[in-house]
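Q: Okay, predicted coordinates and the sequence, questions at the end:
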Amino acid sequence: MKSNALTVSNTTPIISFCSIGKLDILEKVFGEIIIPEAVYNEIKQKESYGYEDIDSKFIKVEPVKSKNYLALLLNQLDIGEAETIILAKELNADNVLIDEKLGYRIAKNSGLNVVRTLFILLKAKDLQLIDKVKPLLDDMIHKERWYSKNVYQAFLKKAQEL
């Protein structure tokens, strides 16, 4: 994963890192991040995690062009996920950041390289941006990000922290 890669993000990965005050990890791992207007609007709709951070210089907002594909995706996904997938396809993105299971599956089936928050934590550890993933993951969970017990344990085992 190269830091000059074109990366499009959905809402959840941004909010997850903002919730623990570590949005800079996204910038250090990916460089510039592009978000669709719907993701920007979702984050700006209430003063919570990411509300101010979303205006960071490394985050660019782009409109989607394909409204027909959007209507189709809205049958299964929320507008943020749908626009994220469409924008990633339109820009031929190297990475698309999506956590939700159905959005992940649809993006993967669309031929996109999908990256989830937990993978980003592992990547940050590999790049020595952080020493351990567990304290950050625990903090995310404390800030209302949710992972099942099985996912939590399997992830920490993969990170060699369990």
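A: Thanks, I have it.
Q: Could you give the average pLDDT over stretch 32-52?
A: Taken as a whole, stretch 32-52 has a mean pLDDT of 96.
Q: starting at the chain centroid, how far to that stretch?
A: How far stretch 32-52 lies from its chain's middle: 12 Å, per C-alpha atoms, centre = their mean, to the nearest Å.
Q: That one spans what distance, first to last residue?
A: Using C-alpha to C-alpha, to the nearest Å, the end-to-end distance of stretch 32-52 comes to 17 Å.
Q: For it, could you pull out the residues that count as buried?
A: 33-36, 38-43, 49-50 (16 or more other C-beta atoms under 10 Å). Every residue, glycine included, has its C-beta placed from N, CA and C.
Q: The lowest-mean-pLDDT helix or strand in the chain: what's the following helix or strand?
A: Lowest mean confidence among the helices and strands of the chain (mean pLDDT, DSSP states H and E): helix 67-73, at a mean of 89. Sequence-wise, the next helix or strand downstream of helix 67-73 (DSSP states H and E) is helix 79-90.
Q: Which neighbouring elements make contact with that next one?
A: strand 7-9, strand 33-36, helix 37-44, helix 67-73, strand 95-97, helix 101-109 (3 or more C-beta pairs under 8 Å, 6 or more residues apart in numbering; DSSP states H and E).
Q: Ok, which of the ones you listed comes nearest Q153?
A: helix 101-109 (18.3 Å; C-beta to C-beta).
Q: So, low pLDDT: which residues of the chain?
A: When residues are selected by pLDDT under 70, those of the chain lie in 1-4.
Q: Output the buried residues of stretch 32-52 in JSON lines; the columns should cover distance to Q128.
A: Shown next, in JSON lines, are the buried residues of stretch 32-52 (distance: C-beta to C-beta, whole Å):
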{"residue": "I33", "distance to Q128": "21"}
{"residue": "I34", "distance to Q128": "26"}
{"residue": "I35", "distance to Q128": "27"}
{"residue": "P36", "distance to Q128": "32"}
{"residue": "A38", "distance to Q128": "34"}
{"residue": "V39", "distance to Q128": "29"}
{"residue": "Y40", "distance to Q128": "31"}
{"residue": "N41", "distance to Q128": "35"}
{"residue": "E42", "distance to Q128": "32"}
{"residue": "I43", "distance to Q128": "29"}
{"residue": "Y49", "distance to Q128": "26"}
{"residue": "G50", "distance to Q128": "25"}
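Q: Many thanks, we can stop here.
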